[in-house]
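# 3D, please:
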Amino acid sequence: MLTFGLTVVRHGETQYNKDKLLQGQGVDTPLSEVGLRQAEAAGHYLRDLHFSNVFVSNLQRATKTAEIILRSNLHSSSVEMVLDPLLRERGFGVAEGRSKEDLKNMANAVGQSCRDFTPPGGETLEQVKSRFRKFLKTMFQRMLDDHGSDGPSASLGHGLSCNGPPPPVAAGEASEGVTDLPAHALVVSHGAFIRVAVRHLVDELNCSLPVGLKPNQVYSACPNTGICRFIIALRVDESVPRPVIVHCIFVNRKDHLASITDSH
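The predicted model follows:
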């Protein structure tokens, strides 16, 4: 069994984000000045954590965010940053570069909700989920290869239990849930992708949620440099790593953004 922390961060703001334009995979814009400050704030907030592994979308808005976070970190600045195209944003096809309002109008024209609509040439939500599942498979194997297993015992340790919610934690602490864990993965990705990923963890991997967290909070859009955290316990069955416990510690946290103001 290997128990590890998973911290997921959305990239900082780009000008396209500010202007409510779709980027997807075909439009790869840099961070705006606000986005750079957001990434610096996220890095400062997470600076005392020890990330043993780092996985990042290979689009520049994500890689720059990850670079800034790692540069600020007291323990992980030299950790290898694995660029993985599986972590790219959802592809929006012909809608990329156009406004979110255009996407909504396209969806309305065919009688669909904006969230469920797939523009011509774009990825369906099912295809995005398939990408995330492929990523999980490779990440699980990498974590086991790098950190091994502490044996087949059903005891998870670190305050985790097979029966019940995660233990109470001190609200606002950057280290919530990951103190003393043997491994901790940082993932930096994109808004629509993270939304699909969180839904998959909760709906299909039976992720337990903190007391008082409402479904609309869990499934809401992640803000730029919003932070989600999970604890995952892996067991190897027939040479295949499988998550036996998934706990959510928090989703879409943005405490670090309190001092960030848009001066433009």
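# by contact count, what packs against the helix or strand bottoming out on mean pLDDT in the chain?
Sorting the helices and strands of the chain by mean pLDDT, DSSP states H and E puts helix 215-218 at the bottom, at a mean of 85. Helix 215-218 sits against helix 191-203, strand 240-253, with contacts defined as 3 or more Cβ pairs under 8 Å, 6 or more residues apart in numbering; DSSP states H and E. All C-beta spots, glycine's among them, are computed from the backbone N, C-alpha and C.
# quick one, which of those is nearest to residue 4?
strand 240-253 (10.4 Å; Cβ to Cβ).
# list the buried residues in the closest one.
Across strand 240-253, burial judged by 16 or more other Cβ atoms under 10 Å covers 241, 243-253.
# can you check what pLDDT the model gives residue 180?
Note for residue 180: predicted pLDDT of 89.
# start the count at 728, not 1, going forward
From this message on, residue numbering opens at 728, which makes the last subject residue 907.
# can you pull the contacts of residue 949?
737, 918, 921-922, 925, 955, 978-979 (Cβ atoms under 8 Å, 6 or more residues apart in numbering).
# ok, the buried residues of strand 967-980 vs residue 771, which is closest?
Using Cβ to Cβ, residue 980 comes nearest to residue 771 of these, at 14.0 Å.
# that closest one bridge partners, please.
Beta-bridge pairing of residue 980 under DSSP bridges involves residue 954.
# residues touching it, list them.
Taking Cβ under 8 Å, 6+ apart, we find residue 980 in contact with 953-956.
# can I get the residues you listed in CSV including pLDDT?
Output for the contacts of residue 980, formatted as CSV (pLDDT from 0 to 100):
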residue, pLDDT
953, 97
954, 97
955, 97
956, 97
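# what subset of these is buried?
Here, 16+ other Cβ under 10 Å leaves 953-956 buried among the contacts of residue 980.
# redo those as CSV? Include distance to residue 778.
Converted to CSV, the buried ones among the contacts of residue 980 look like this (distance: Cβ to Cβ, whole Å):
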residue, distance to residue 778
953, 17
954, 13
955, 15
956, 12
